[in-house]
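Peer 1: below are the sequence and a predicted model; questions follow.
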Amino acid sequence: MAALQAPRFPSRLTLRIYGLGILQFALVAFGMFVFARQTMPAPQGLSEKMSPVLTLALESKLADRKALQTELTRLERDSGWSIAIYDHAEKLVVGTGRLPPSTPRGAFRKPGTRNTPLHFPDGTTGTLRFSMPRPPAPPAPWFPIALVLVVVGVTAWLTARSLARPLAALSSVAAQFGSGQLTARAAHDRDDEFGDLARSFNDMAQRISRLMGAEKELIANVSHELRTPLARIQVALDLAAEGDAESARESLKEITEDLAELERIVDDVLTAARLALSDGTASTGAMPPIRVEEVDVQVLMDRAVARFRAAHPERPVEVKFGSVLPNSRADAVLLRRAIDNLLDNADKYTEEPASPIELTAHRAGADIVVEVRDRGIGIAPEDADRVFEPFFRADRSRARARGGYGLGLALARRIVEAHAGTLRLLPRPGGGTVARIEFPIDVGYSS
């Protein structure tokens, strides 16, 4: 099982949502800036520093009332202020627009007005009074409220849509796959977590489809494998029942071989089911399904070679062990089954009957290394990633002709991994394959 990768942070989906939030803030800030610029009151044209200059200019025109009126009108147009001139008795002399209020001297001045002394040509003192125009009523805050609602609403809808659509699509595909449409696959054109999820789903669906197809093929293969020896046994029994003892005795050897083949088929299927239990109990701390005991590795190898030679007398086997093979704490039955499967697999895919198979074993530090070498057809590159899948057979026509149903290598790997070891298939220089097993001398489990 592949190790789960730690999630990236920040993830691509997180960055996308964060970017939408930043876009919301930028749009609202820009809209508020534009609104503030549009509603900002225009600056007033007159100030305290300009009053003395303006007073002197107007005093020079007090003798000419028409010129004075024209000047006041121009000033009102340019500044927006209403301007009036009062004499010493607070009587209006001249004024423009909305006339400033006539306020007795010394009285409280209304906010928004400004008084400046003005000297008439006859020596009397009057008043030059400015009245600030009334500021317009502030605009209703509907624009910023509407802006916030529109921006947040649109971006929130876009965010929800970007999340809901791929989830709905994945949910639909999962429902289709669960209803039995094993060809259902998810689109994975997104470059974010949803795309990763879709690709993971498709990989899972592909593996499940392969396994289900392989299991159907297993049923057909096992049925085929069982039918032939059972038929031969039935023929021998029929002959014995007819009283033909001589023919029955001649069939005893074939019956013995057929029974051994039936036992091997049943054992492989049961072993596969037994090892599959470890997949569901490893996370709970349960013990692996192996029975550990003290094993003489060299004796175990000798028995595997003897069984192979009895089953394949025409196939030469070259055996080479290290000087001293240490005893190991392992499951002897399962470990020999793994070696048996590798030897049978090497024989099955070596076409030349006289081509020898080599079995070597030696100690490497705290491990024992076992290799089975053949000079067969090797492994096609397109099958290299699948040869350890249950029920997969690289050459189906040869496997069907020579027997087998695609469990040999898968069982061997599971057995080795249950012993905390590894099984690898390597190309052999000059042609063929090297199956290499490495497992610790002490597996570390108690029996």
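Peer 2: Cool, got the structure.
Peer 1: only C-alpha atoms for contact and neighbour calcs from this point on.
Peer 2: OK.
Peer 1: how about the strands in the stretch 301-447 of the chain?
Peer 2: For the stretch 301-447 of the chain, the strands defined by DSSP state E, counting those that start in this stretch occupy 317-321, 328-330, 357-364, 367-373, 422-427, 433-440.
Peer 1: those strands: which one's closest to Arg199?
Peer 2: Arg199 lies closest, by C-alpha to C-alpha, to one member of these: strand 422-427, at 27.4 Å.
Peer 1: and the angle for the closest one with strand 433-440?
Peer 2: Put simply, strand 422-427 runs at 160 degrees to strand 433-440, going by axes from the mean of the first three to the mean of the last three C-alpha atoms, to 10 degrees.
Peer 1: buried set for strand 422-427?
Peer 2: Of the residues in strand 422-427, 422-423, 425 count as buried by neighbour count, 16 or more other C-alpha atoms under 10 Å.
Peer 1: out of those, who's nearest Gly123?
Peer 2: The shortest approach to Gly123 among the buried residues of strand 422-427 belongs to Thr422, at 118.7 Å (C-alpha to C-alpha).
Peer 1: now that closest one: how far from Arg307?
Peer 2: Going from Thr422 to Arg307 by C-alpha to C-alpha, to the nearest Å gives 24 Å.
Peer 1: in CSV: the strands of the stretch 301-447 of the chain, plus mean pLDDT and distance to Glu263.
Peer 2: Listed next are those as CSV, based on pLDDT from 0 to 100; distance: least, C-alpha to C-alpha, whole Å:
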stretch, mean pLDDT, distance to Glu263
strand 317-321, 90, 24
strand 328-330, 88, 23
strand 357-364, 92, 25
strand 367-373, 92, 24
strand 422-427, 89, 25
strand 433-440, 92, 25
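Peer 1: which parts of the chain are helices?
Peer 2: In the chain, the helices defined using DSSP state H lie at 12-39, 50-59, 65-79, 142-178, 193-241, 245-250, 252-281, 297-311, 332-348, 396-402, 408-418.
Peer 1: right, and those - which one's nearest Leu128?
Peer 2: Across the helices of the chain, Leu128 has its closest neighbour in helix 50-59 (7.4 Å, C-alpha to C-alpha).
Peer 1: quick one, phi psi at the closest residue in space to Thr350 that isn't next to it in sequence?
Peer 2: Of all residues not flanking Thr350 in the chain, Gly376 sits nearest, at 3.8 Å (C-alpha to C-alpha, 6 or more residues apart in numbering). For Gly376, the backbone dihedrals are phi -90, psi -150 (criterion: degrees, to the nearest 10).
Peer 1: domain parsing for the protein?
Peer 2: If you go by automatic domain parsing, the domain ranges for the chain are 12-37+139-178, 60-131, 193-284, 293-440.
Peer 1: including distance to Leu54, could the ones you listed go into JSON lines?
Peer 2: Shown next, in JSON lines, are those (distance: least, C-alpha to C-alpha, whole Å):
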{"stretch": "domain 12-37+139-178", "distance to Leu54": "30"}
{"stretch": "domain 60-131", "distance to Leu54": "10"}
{"stretch": "domain 193-284", "distance to Leu54": "72"}
{"stretch": "domain 293-440", "distance to Leu54": "96"}
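Peer 1: if you average pLDDT over each of those domains, which is lowest?
Peer 2: The weakest mean pLDDT among the domains of the chain belongs to domain 193-284, with a mean of 71.
Peer 1: quick revisit: what's the most buried one of the domains of the chain?
Peer 2: Highest mean neighbour count among the domains of the chain (mean count of other C-alpha atoms under 10 Å): domain 293-440, with a mean of 18.
Peer 1: what about that one, how long is it end to end?
Peer 2: End-to-end distance of domain 293-440 (C-alpha to C-alpha): 14 Å.
Peer 1: and that domain, how far out from the chain's middle?
Peer 2: 37 Å (C-alpha atoms, centre = their mean, to the nearest Å).
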